[in-house]
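>>> Here's my sequence, what's the structure:
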Amino acid sequence: MSLFTAEHEMFRKSVRAFVEKEIRPYVDEWEAQEIAPLHDLFQKMGSLGFLGLNYPEAYGGAEADIWYTVVLAEELSRAGAAGIPMAIFVQTDMATPALAKHGSHGLKEKYLAPAIRGEMVCAIAVTEPNAGSDVARIQTRAELDGDEYVINGSKMYITNGTQADWLCLLARTSAGGGYQGMSLIIVPTDAAGFSVSKKLKKLGNHSSDTAVLTFEDVRVPVSNRIGEEGMGFYYQMEQFQVERLVGALGGVAGAECAVRDTIQYCQERKAFGKPLIANQWIQFKLAELLTEIEAAKQLNYSCAAMVESNADPMQVTRIASMCKLKAGRLMREVADTCLQFYGGMGYMEETPISRYFRDARLTSIGGGADEVMLGIIAKMENMNPR
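Model (predicted):
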């Protein structure tokens, strides 16, 4: 039984047509420039309703079911570079979920609605120089001064960081360490004291801009806080589950594209008087990868169904962690195997598999490294010694 209705498939056609017209023709240029014009791209996507699929109609969203997000992730994997889907999903499913769920009406009108329309670019600012997957170690502070927060600190590896109009910032709002005393705060990037201190060069995902951000006595109203003070860590953990599922959905779909492109190449490329695909080892390995991809896809779909049915958040966390772990490791295997089958051509910059090889490596790191996913799964399976 198909999980997708006729309406979902119509939406799929719309997204695929958009990708073919508005993204793929420009990907090589954006990769070379190491940045994509997100304001222009997002306004086009916003006008088509692509940026607020699961958000309330009151703020421009479609209040659609999770399967529309699944379709969007799968179709954006056809973009030809992973940096573009990543930039889009920061906007739709990483920087905005907590705002949509816990933010005040005024905050949503001012920041969520323009993001859904594509008029504002946003970013999620969590990682710091000394706090990556270990979110509890963040040091950026937002100290209360009357009806304002005064923010000091630094964030790094921030996707969309050089173009963002506002940030969903995780900062410490009370004394102490660990998970307590953090809040999520919306910070407009035109605020005095904010600066992009460096645009980072990366191994892959070149079309996605990534930055180091600095906050020096940045003042924002207390009303820019999302939800309750001190709940930021927990809101961010909720956001992470959405991020991890979306990353797994797009990652597995991208892996399937890479394998099918490799099959086509091996059918066309001849060696020793016959097509490469005639080699049984190549056939069997590609068949095995397609089997692993199908298994990962079904795990992703199971997690999406849990989200749609409002299942126990702890169980969603467990399965979302498995989805991301499996997707990241499978992408690495697909990238390495497929590049090998391309041979010397796979090592050339002009071949899409070389870009995929670079881009695929990030999934096992960003949004929580593989080791963090394994730790979550182990904890939820009660493996920790007492």
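>>> Please identify the helix or strand for Y55.
Per DSSP states H and E, Y55 falls between elements, in no helix or strand.
>>> give me the element the nearest residue to it once chain neighbours are set aside is part of.
Spatial nearest neighbour of Y55, excluding adjacent residues (Cβ to Cβ, 6 or more residues apart in numbering): G61 at 2.9 Å. C-beta: built from backbone N, CA, C; applies to glycine. Of the helices and strands defined by DSSP H and E, none includes G61.
>>> G61 and A100: what is the separation?
Distance of G61 to A100, given as Cβ to Cβ, to the nearest Å: 8 Å.
>>> what are the ranges of the strands in the stretch 151-300 of the chain?
166-172, 182-188, 194-199, 210-221, 225-226, 270-271, 274-275 (DSSP state E, counting those that start in this stretch).
>>> Give me the packing partners of the fifth one, helices and strands only.
Contact partners of strand 225-226 among helices and strands, from 3 or more Cβ pairs under 8 Å, 6 or more residues apart in numbering; DSSP states H and E: helix 97-102, strand 182-188.
>>> neighbouring strands for it, and are they parallel or not?
strand 182-188 (antiparallel) (DSSP bridges).
>>> between the partner strand and strand 210-221, what angle do the directions make?
Here the directions of strand 182-188 and strand 210-221 differ by 90 degrees (axes from the mean of the first three to the mean of the last three Cα atoms, to 10 degrees).
>>> What are the contacting residues of strand 182-188?
Applying Cβ atoms under 8 Å, 6 or more residues apart in numbering, the contact partners of strand 182-188 are 98-99, 102-103, 107, 111, 125, 138, 142, 149, 151, 165-173, 194, 215, 218, 220, 224-227, 229-233, 235-236.
>>> again with stretch 23-30
Applying Cβ under 8 Å, 6+ apart, the set of residues contacting stretch 23-30 is 36-37, 41, 78-81, 83-84, 206-207.
>>> L144: what secondary structure?
Three-state call for L144 (DSSP: H, G, I helix; E, B strand; the rest coil): strand.
>>> How about the contacts made by it?
Shown in contact with L144 (Cβ under 8 Å, 6+ apart): 150, 173, 222.
>>> Kindly report the same for G254.
77, 82, 331, 356, 360.
>>> and the gap between the second one and S104?
Which is A82. From A82 across to S104, the span is 34 Å (Cβ to Cβ).
>>> Looking at the two, which one has more neighbours?
Ranked by neighbour count (other Cβ atoms under 10 Å), A82 and S104 place A82 first, with 28 against 14.
>>> In terms of helices and strands, where is the residue lying closest to the more buried one once chain neighbours are set aside?
With sequence-adjacent residues excluded and distances taken as Cβ to Cβ, 6+ apart, A82 is closest to D359, at 3.7 Å. Assigned by DSSP H and E, D359 falls within helix 352-360.
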